[in-house]
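Asks: sequence-free structure coming up:
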């Protein structure tokens, strides 16, 4: 598997290095309303400057009447935007940890998310589905989704189970999408000149690698954007990407320095199902 992926990386590298203009497409009205909703927590709103949700979702072609699947929503940062934006006219699937998850972290995360959608009216039409990178649960009915989204997740699958997990995850996305459907990927970006081995521990992934895996899973790269780029991030921190905000893994040690850098440099990639 690793040989096949590396071969594809070599093919994709030249296109990966091409710069793409920042996309500033028109935003859906329900999306703007969801982002500006006063019910969003102040902590979440403060991160908009780094995550650029309006511009990012517009880049991916988000519309309020779509069927959208969010992969591994965690505590629900993007869910807090997607669920209300799709509530009236679309369908929102939150593909969270499986019900039979064994790790305490996964159990707590899933329980917290279930509690959120049970108590918050913004989430009342959320469809909860299951996702595991090496699993086979349906994240949504096959061929039903207009848009599948994954935010800062690829490194987790790679660090835990390697190429096989990442490829299987992308194949699940392909299965859920309609023909011509869109996969949107945001991920911490490792500079191409750095060693591949750094992907195993840093939390950063090479853009060429993600493109190669997506192609192997049946996707075509439509566009890339620098919307979520951060040139201040050198991607070589003592505790990897978690050194930076919001984790600040070193605690108060050099915290001012890392706050000044901000959140990680990120690739933003738009793929189409072939």
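Replies: Nice, thanks for sending it over. Nothing here was measured: the structure is a model prediction, and the numbers come from that model.

Asks: Secondary structure element for residue 161, which one?
Replies: With secondary structure defined by DSSP states H and E, residue 161 is part of helix 154-176.

Asks: What ranges does the stretch 101-250 of the chain have for its helices?
Replies: In the stretch 101-250 of the chain, the helices defined using DSSP state H, counting those that start in this stretch lie at 104-119, 154-176, 207-216.

Asks: Hmm, residue 80 and residue 92 touching each other?
Replies: No - counting by CB atoms under 8 Å, residue 80 is not a contact partner of residue 92; they are 11.3 Å apart. C-beta: built from backbone N, CA, C; applies to glycine.

Asks: residue boundaries of the strands in the stretch 1-150 of the chain?
Replies: Along the stretch 1-150 of the chain, counting by DSSP state E, counting those that start in this stretch, strands occupy 67-71, 91-96, 127-130, 145-151.

Asks: where does the stretch 1-150 of the chain have low pLDDT?
Replies: 1-27 (pLDDT under 70).

Asks: picking that back up, packing partners for the helix holding residue 161?
Replies: Secondary-structure packing of helix 154-176 (3 or more CB pairs under 8 Å, 6 or more residues apart in numbering; DSSP states H and E): helix 2-16, strand 67-71, strand 145-151, strand 177-190, strand 205-206, helix 207-216.

Asks: can you do 6 Å?
Replies: Helix 154-176 sits against strand 145-151, helix 207-216, with contacts defined as 3 or more CB pairs under 6 Å, 6 or more residues apart in numbering; DSSP states H and E.

Asks: what comes up buried for it?
Replies: For helix 154-176, the neighbour count (16 or more other CB atoms under 10 Å) marks 154-155, 157-159, 162-163, 165-176 as buried.

Asks: And for stretch 73-90?
Replies: Residues of stretch 73-90 classed as buried under the neighbour-count rule (16+ other CB under 10 Å) are 73-74, 76-87, 90.

Asks: so how far is residue 117 from residue 143?
Replies: With distances taken as CB to CB, to the nearest Å, residue 143 is found 25 Å from residue 117.

Asks: Columns distance to residue 43 on top of the strands of the stretch 1-150 of the chain, output as CSV?
Replies: Putting the strands of the stretch 1-150 of the chain into CSV (distance: least, CB to CB, whole Å) gives the following:
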stretch, distance to residue 43
strand 67-71, 19
strand 91-96, 20
strand 127-130, 23
strand 145-151, 17
